[in-house]
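Colleague: Based on what follows, work out the 3D shape:
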Amino acid sequence: MINTAIAQLVNYAISCSLIEEDDRLYITNQLIDALGLKEYIKPENVPEAELEDILKVMLDYAVSTGIIEDSIVYKDLFDTKIMGILTPRPSYVRKTFSELYKESPEKATSWYYKLSCDTDYIRRYRIKKDMKWTLDTDYGVIDITVNLSKPEKDPKAIAAAAAASKSAKEKPAYPKCQLCKENEGYAGRVDHPARQNHRVLPVTVDGKPWVMQFSPYVYYNEHCIVFDSEHSPMSINPGTFRKLLSFVESFPHYFVGSNADLPIVGGSILTHDHFQGGNYTFAMAKAPVETEFTFEGFDDIKAGIVKWPMSVIRLSGKDTGRICALADKILAAWRSYTDEDAYIYASTDGVPHNTITPIARKNGENFELDLVLRNNITTEEHPAGLYHPHKEIHHIKRENIGLIEVMGLAVLPARLKNELAAVADGLIKGEDLYKNELTAPHAEWAYDIAKKYELTAENVDGIIKLETGKAFATGLEHAGVYARNEEGKKAFLRFMNSVK
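Modeller: The predicted model follows:
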């Protein structure tokens, strides 16, 4: 079987244009060496097979012969090494992308995305496992996903990773983080993913050298990450707006945004300055401006409050420089803004709380910049954050509301797959949900659902999904610094009028 798998993988690589027919013998020998084979018998009949199935045969062989341990972490390290043999060199990737970009940015990114999938850097067979559905809300149709594509580590690998991390603290880390450009081609280790099949693209952002790649765990079409070529910390500053709009000028079919730069309201990686973007239109981008506003001295820039659960100011115009100038004023005003009546404090005990999640896009002839006002203050009642999903929905969502979710795409934890299924089953069977560890955190919520609907075996799954989506939408409202009511609107306008 291993001989056939090698031939199948070479055929796959040729069919995807990762290699050419002239490379067949060379690549075959590379695979033979990686698998530690003493001999190779060329198979006469080579049936077609899916990439996942081919790699499974190779992984099973590697485990059975003692090349690797039987662990998802070691398997991921090994099959990435295998795919790295097939992946074109960085110089070829960059040259091809540059040539296609001259035809159109869309053609270039589409090719690069396909390459990232074909090389298994983006594991399509895992992405398919993610649960996905939509929810129609007063703010538009938002996307709900339960992320199942990130494999869970087994105890042995966790222990090995902990030991490796402890050892690494005694010397400078390489690469410094999972975003650094030095990950390209890196073999990985138990506490750091392998990246032999990873290729990055140099891009110029506001005149500075940055790098672009795709996320290995794509949440939407062509989910890309754009990051500083140097390992520098996240920061929202006037230069951020210029960088975002500069990228959109180069890739007008993409949106791009930045996570906030403070804990609680920020993203998962605050140590490396980066953006996320892609070829996708989120519900927030479709949401209309419900309250128009003109900032003094910026009559040429359309502005207003967006109809969205979070607190969003949208700026629109043809001149990116003017948009950035106004955004700079808004950021400076918000950083130092306190409104005790609205429970907004710029800082407490010297700790800053106000920041912005910015998102840029091209809409027709105009550029748009959405500024989402964020505040990470905590209270005794809400120790996880006042403007953060509140405790009553933590059974669904207790993680940070980051950039992607700000725009209307829920990324919910994998635990919900089994937990929500158990809730649905328990409700139909009339079980005591408090007595099951899977359902206990959801019990109060689930019993409230049972009071609202006539549940049947046929409709219960759909209703649980509907209510899960509603819980996420409520979490977005919690994260908005201004409430969606008249008092909140008046407070929002007080801030807008303070910008000078």
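
Colleague: Tell me where the stretch 151-300 of the chain has strands.
Modeller: Along the stretch 151-300 of the chain, the stretches classed as strands by DSSP state E, counting those that start in this stretch are 201-205, 208-214, 224-228, 255-257, 274-278, 289-293.

Colleague: how about those strands in CSV, adding mean pLDDT and mean neighbour count?
Modeller: The C-beta positions use only the backbone N, C-alpha and C, and glycine is treated the same way. Converted to CSV, the strands of the stretch 151-300 of the chain look like this (pLDDT from 0 to 100; neighbours: other C-beta atoms under 10 Å):
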stretch, mean pLDDT, mean neighbour count
strand 201-205, 97, 17
strand 208-214, 97, 20
strand 224-228, 97, 23
strand 255-257, 98, 26
strand 274-278, 97, 24
strand 289-293, 97, 14
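
Colleague: Go through the ones you listed and name the closest to residue 63.
Modeller: When the strands of the stretch 151-300 of the chain are compared for distance to residue 63 using C-beta to C-beta, the nearest one is strand 208-214, at 29.2 Å.

Colleague: Does anything pack onto that closest one? Which helices or strands?
Modeller: Applying 3 or more C-beta pairs under 8 Å, 6 or more residues apart in numbering; DSSP states H and E, one finds that strand 208-214 contacts helix 105-118, strand 201-205, strand 224-228.

Colleague: Would you agree residue 256 is in contact with residue 248?
Modeller: Yes: judged on C-beta atoms under 8 Å, residue 256 makes contact with residue 248 at a distance of 6.0 Å.

Colleague: shared neighbours of those two, anything?
Modeller: Common neighbours of residue 256 and residue 248 (criterion: C-beta atoms under 8 Å, 6 or more residues apart in numbering): 360-361.

Colleague: Next, format the helices and strands packed on strand 208-214 as TSV and append distance to residue 368.
Modeller: Converted to TSV, these look like this (distance: least, C-beta to C-beta, whole Å):
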stretch	distance to residue 368
helix 105-118	18
strand 201-205	18
strand 224-228	18
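
Colleague: now for the strands of the stretch 151-300 of the chain, which one comes closest to residue 362?
Modeller: Comparing the strands of the stretch 151-300 of the chain by C-beta to C-beta, strand 255-257 comes nearest, at 8.4 Å.

Colleague: Adding distance to residue 473, write the strands of the stretch 151-300 of the chain out as CSV.
Modeller: As requested, the strands of the stretch 151-300 of the chain are arranged in CSV below (distance: least, C-beta to C-beta, whole Å):
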stretch, distance to residue 473
strand 201-205, 33
strand 208-214, 28
strand 224-228, 26
strand 255-257, 20
strand 274-278, 21
strand 289-293, 17
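
Colleague: so which of these comes closest to residue 124?
Modeller: Closest to residue 124 of the strands of the stretch 151-300 of the chain is strand 208-214 (C-beta to C-beta; 12.0 Å).

Colleague: angle of that closest one against strand 224-228?
Modeller: Orientation check (axes from the mean of the first three to the mean of the last three C-alpha atoms, to 10 degrees): strand 208-214 against strand 224-228 gives 150 degrees.

Colleague: what pairs with strand 208-214, and is each one parallel or antiparallel?
Modeller: If you go by DSSP bridges, strand 208-214 pairs up with strand 201-205 (antiparallel), strand 224-228 (antiparallel).

Colleague: Reformat those strands into JSON lines and put distance to residue 73 next to each item.
Modeller: Formatted as JSON lines, the strands paired with strand 208-214 follow (distance: least, C-beta to C-beta, whole Å):
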{"stretch": "strand 201-205", "distance to residue 73": "28"}
{"stretch": "strand 224-228", "distance to residue 73": "22"}
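
Colleague: between those strands, which gets nearest to residue 127?
Modeller: Across these, residue 127 has its closest neighbour in strand 224-228 (15.0 Å, C-beta to C-beta).

Colleague: Return the distance of that closest one from the chain's centre.
Modeller: Centre-to-centre, strand 224-228 and its host chain are 11 Å apart (C-alpha atoms, centre = their mean, to the nearest Å).

Colleague: next one: stretch 308-317
Modeller: Remark: stretch 308-317 is offset 21 Å from the chain centroid, using C-alpha atoms, centre = their mean.

Colleague: just stretch 242-253 next, same as before
Modeller: Taking C-alpha atoms, centre = their mean, one finds stretch 242-253 lying 19 Å from the centre of the chain it belongs to.

Colleague: The chain should start at 55 in everything you say after this.
Modeller: New numbering, starting at 55: the last item is stretch 296-307.

Colleague: Quick one: residues contacting residue 424.
Modeller: Counting by C-beta under 8 Å, 6+ apart, residue 424 makes contact with 311, 338-339, 360, 366-369, 412-414.

Colleague: Could you count how many residues lie near residue 529?
Modeller: Counted by other C-beta atoms under 10 Å, the residues lying close to residue 529 total 23.

Colleague: Surely it forms part of a strand?
Modeller: No: counting by DSSP: H, G, I helix; E, B strand; the rest coil, residue 529 is not part of a strand but helix.

Colleague: what about the spatially closest residue to it that is not a sequence neighbour, neighbour count?
Modeller: Take residue 529 and drop its neighbours on the chain: the residue closest to it by C-beta to C-beta, 6 or more residues apart in numbering is residue 443, 3.6 Å away. Neighbour count of residue 443, defined by other C-beta under 10 Å: 25.

Colleague: what sits against residue 443?
Modeller: Contacts for residue 443 (C-beta under 8 Å, 6+ apart) come out as 451-452, 455, 528-529, 532-533.

Colleague: Which of those fall within strands?
Modeller: In this view, those have no member that belongs to strands under DSSP state E.

Colleague: residue boundaries of the strands in the stretch 355-504 of the chain?
Modeller: In the stretch 355-504 of the chain, the strands defined using DSSP E, counting those that start in this stretch lie at 356-360, 366-371, 401-402, 405-406, 408-417, 420-429, 463-466.

Colleague: got TSV for the ones you listed, with distance to residue 189 too?
Modeller: TSV is the format used below for these (distance: least, C-beta to C-beta, whole Å):
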stretch	distance to residue 189
strand 356-360	18
strand 366-371	19
strand 401-402	35
strand 405-406	34
strand 408-417	21
strand 420-429	20
strand 463-466	9
